[in-house]
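Novice: Kindly return the folded structure for what I paste below:
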Amino acid sequence: MSMGDELEKRSSTTAQPYINVTPLIDVLLVLLIIFMVVTPLKPSKFQADIPTQRDPNEDLSKLKPNPLTLVVSIAPDLSIKLNQDSLGSVNDPTPLAQKLALTFQQRKDQRAYKIGMENRTDLKEDERIEKTVFVKAPRALHYGDVVKVIDAIKGAGANPVGLQVDDLPQ
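Specialist: Numbers count the residues shown, from 1 in each chain. Next comes the predicted model:
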């Protein structure tokens, strides 16, 4: 027996390493199809209602504020006010959330609807109740502090939540 015969016998009896890539390709194709289907469903934009520009010649002294307007002000010292009532701080917005939830429940009991929604019977009553809240904070405040307050406001049931971009008086 020569050396070549022995080498030929050994190579035919030992297993050759082979990776079957067919299942891997199947899994990748399934993932590709899933991502192709899900991609159009993800929100790519959000709606922003931008107020129209007022006439500069309009007399604003006769303009009266809406009595249902709720403004949450965050002071530079992280204290929170709902309209003029002090309600805790950014680190504990629970009193604010409780007060807002109580206010929204009172509005529901009194049927305080949004302007133009009084006769809309095609919507649920909760959607017709005025629950708009504006957040007013100084620009120097940390983003996370404002988000804590917005989370508490949303948790109380406010919808929509608006942001006022003007600075608080110092």
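
Novice: so where do the helices sit in the chain?
Specialist: Along the chain, counting by DSSP state H, helices occupy 3-13, 22-38, 94-110, 125-128, 143-155.

Novice: Compare those helices and say which comes out lowest on pLDDT.
Specialist: Note on the helices of the chain: helix 3-13 shows the lowest mean pLDDT, a mean of 58.

Novice: re the thing from before, between the helices of the chain, which one is closest to D59.
Specialist: Closest of these to D59 is helix 94-110, at 30.5 Å (criterion: CB to CB). Where you see a C-beta, it was placed from the backbone N, CA and C, and this is true even at glycine.

Novice: list the helices and strands that closest one packs on?
Specialist: Other elements packing on helix 94-110 under the criterion 3 or more CB pairs under 8 Å, 6 or more residues apart in numbering; DSSP states H and E are strand 70-74, strand 79-82, strand 85-89, helix 143-155.

Novice: Export these as a markdown table, with columns for mean neighbour count.
Specialist: Output for the helices and strands packed on helix 94-110, formatted as a markdown table (neighbours: other CB atoms under 10 Å):
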| stretch | mean neighbour count |
| --- | --- |
| strand 70-74 | 21 |
| strand 79-82 | 18 |
| strand 85-89 | 16 |
| helix 143-155 | 16 |
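
Novice: So which of those is nearest F104?
Specialist: Between F104 and the helices and strands packed on helix 94-110, the shortest gap by CB to CB is with strand 70-74, which sits at 9.4 Å.

Novice: Now render the helices and strands packed on helix 94-110 as a markdown table, adding distance to D109.
Specialist: What follows is these, written out as a markdown table (distance: least, CB to CB, whole Å):
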| stretch | distance to D109 |
| --- | --- |
| strand 70-74 | 17 |
| strand 79-82 | 19 |
| strand 85-89 | 20 |
| helix 143-155 | 20 |
